[in-house]
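In: A predicted structure for the sequence below; I have some questions about it.
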Amino acid sequence: MLVLCGSSVSTMESEVLGHESPLYGRRTGQIDVRPFSFQQAQDVIAYDIENAIRSFAVTGGTPMYLTRFDYDQPLRENILTEILSPTAVLYNEPEFLLRTELRNPARYMSILEAIATGHTTPNEIAGATGIDSGPLSKYLQTLRRLRLIDREVPVTASAKQSKRSQYRVADEFLRFWFRFVEPNRSSIREAPDIVYDGTVRPNLPDHVATTFEDVCREVVWEAIRRGDIGPYSEVGRWWYGEDEIDIVGLAPDADRVLFAECRWTSDPVGHALVSKLRDKAEQVRWGPDTRDEEFALFSKNGFVSGLTDDLDEDWSLFDLSKVEDTRSKDE
């Protein structure tokens, strides 16, 4: 038995498994090792559930990044020591990673920075980077092949046919680095504390909110596996024009659909979000008019008093304790 393991995607796919490789057509198995999910990473992150989600939004699920943090220290100290320090391993890690995978990483870095700072459509990325749509398409394809970005379309649309695609940085650490470190490297070298307090800390909740949506999607899948909701065969994001729903689950065989919103805010969720989600659900064109609808709300700071009593059995409410329970029941 011969087992080959490598972290360079381009090398493993072209030099080891490619057409000109002696091993081409002879392998009997392959594993594309992915980063840990949040539920898996919690075995490493020794924070309470709220700070664990905040920390995961910084490190992502790559074991090396996870284990660089000292979870006896506050998150601020870990970010300053392990990322916002020119001598830290993670300070230059993304640039080093791209240089090992790509001959000319500069344009790829500009694309990743554009996506990480909120330019998610091809037109927005082209405008932010100055790269024409033709070459940009090839760059995006390469970044997808390297598992550095993901392409998303509304869950109700066809991945191959839809023109409403959006891109996101696939790894949480890379998303954090290209949003907060790369644009501020000169300032970080002089005054990392000021960069953290003036740039990272005030914008971190918005950054974590995106990660929280992914965490909630994990909870939805786990709830489906347990039979608490659904079942649903597809779960993803939906958007059309200015309207967006964080999580939509589809059950084509049963004409049933799930709508869920995730809120990483300082205030408890109330009736306003319930009404807004109902209104947006009516805009989702999927299934017959008689479809069954199920709803869920996720909230960092819980729900206003009496909300549970005002909702029927079609609604599920998840605060952070319930998010944590989803994992603890498996252990």
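Out: All right, it came through fine. Residues are numbered from 1 along each chain as shown.

In: tell me where the stretch 101-250 of the chain is predicted with low confidence.
Out: By pLDDT under 70, the stretch 101-250 of the chain has no low-scoring segment.

In: domain-wise, how is this structure divided?
Out: As assigned by automatic domain parsing, the chain contains the domains 1-33, 230-328.

In: and L174, which of the ones you listed is closest to it?
Out: L174 lies closest, by Cβ to Cβ, to one member of the domains of the chain: domain 1-33, at 13.8 Å. Quick note: C-beta positions are derived from backbone N, CA and C, even for glycine.

In: re the thing from before, just put the domains of the chain in CSV and tack on mean neighbour count and distance to R189.
Out: Formatted as CSV, these follow (neighbours: other Cβ atoms under 10 Å; distance: least, Cβ to Cβ, whole Å):
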stretch, mean neighbour count, distance to R189
domain 1-33, 11, 28
domain 230-328, 16, 31
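
In: out of those domains, which is closest to T117?
Out: T117 sits nearest to domain 230-328 of all the domains of the chain, at 18.4 Å, using Cβ to Cβ.

In: related to what we said a few turns ago, ok, which of the domains of the chain comes nearest N104?
Out: Nearest to N104, of all the domains of the chain, is domain 1-33, at 13.4 Å by Cβ to Cβ.

In: that older thread, now distance to E172 too, for the domains of the chain, in JSON lines please.
Out: Putting the domains of the chain into JSON lines (distance: least, Cβ to Cβ, whole Å) gives the following:
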{"stretch": "domain 1-33", "distance to E172": "17"}
{"stretch": "domain 230-328", "distance to E172": "14"}
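
In: can you say which of the ones you listed is nearest to N78?
Out: Judged by Cβ to Cβ, the one of the domains of the chain that comes nearest to N78 is domain 230-328, at 19.6 Å.

In: lowest mean pLDDT across the domains of the chain, which one is that?
Out: Lowest mean pLDDT within these: domain 1-33, at a mean of 83.

In: and the residue nearest to T59 when sequence neighbours are not counted, how many neighbours?
Out: Excluding its sequence neighbours, the residue lying closest to T59 (Cβ to Cβ, 6 or more residues apart in numbering) is Y65, at 4.2 Å. Y65 sits with 25 neighbouring residues when counted by other Cβ atoms under 10 Å.

In: hang on, the earlier thing: for the domains of the chain, which one sits closest to R103?
Out: It's domain 1-33; of the domains of the chain, that one is closest to R103 (Cβ to Cβ) at 10.2 Å.

In: show me where the stretch 51-200 of the chain has helices.
Out: For the stretch 51-200 of the chain, the helices defined by DSSP state H, counting those that start in this stretch occupy 63-68, 75-82, 93-101, 105-116, 122-129, 133-145, 172-176, 185-190, 192-195.

In: most tightly packed of those helices?
Out: Ranked by mean neighbour count under mean count of other Cβ atoms under 10 Å, those are led by helix 172-176, which reaches a mean of 24.
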